[in-house]
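Student: give me a 3D structure for the following:
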Amino acid sequence: MRAFGQLPARLSSEQAAWVINCQPHDMPILVAARLLKPLGNPAANGIKFFSAAELLESAKDKAWLVKVTNAINHHWQRNNAGKKNPLAKGLTNRHCSGDNMAMVESGRDALNP
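Tutor: This is a model prediction of the structure:
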């Protein structure tokens with residue numbers, strides 16, 4: 001990744017993730033948390049590039065690194081909690097009707113009341 005001993009000025013998401021020691025799939029989390037700002041105005045589903053100079057400067061800031069770590073941890077905790085309990089994320093079971101849903105929300109089994 002280094003040409004002539006220095007980083008390129010513009011980094012892809014994968015390269016930027018490597019610089020700040022996180023996973024490429026964490027980059028959208030950091031952009032959504034407004035901890036990273038892509039260069040230009042890319043489409044939501046477009047390829048994003050980041051400023052190497054800005055990343056290197058931010059990586060020196062311990063408070064920013066704490067925010068990055070907390071944002072990633074919070075995202076995955078929320079995501080994993082939703083897998084364990086779909087009602088925790090406000091999701092409903094499409095197979096439940098009104099009466100059955102009330103039983104599910106109260107903790108009772110809809111099939112074995």
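Student: name the helix or strand for Asn79, please.
Tutor: helix 62-84 (DSSP states H and E).
Student: can you give me the offset of the helix or strand where Phe50 lies from its chain's centre?
Tutor: Using DSSP H and E, the element containing Phe50 is strand 49-51. Relative to the centre of its chain, strand 49-51 is centred 17 Å away, using CA atoms, centre = their mean, to the nearest Å.
Student: which residues are in contact with it?
Tutor: Ala9, Arg10, Leu11, Ser12, Ser13, Ala16, Leu36, Lys37, Pro38, Leu39, Gly40, Pro42 (CB atoms under 8 Å, 6 or more residues apart in numbering). Yep, even glycine has a C-beta here, placed from its N, CA and C like the rest.
Student: contact partners for the most centrally placed residue in the chain?
Tutor: Against the mean C-alpha coordinate of the chain, by CA atoms, centre = their mean, the closest residue is Ile29 at 2.6 Å. Going by CB under 8 Å, 6+ apart, Ile29 touches Ala71, Ile72, His75.
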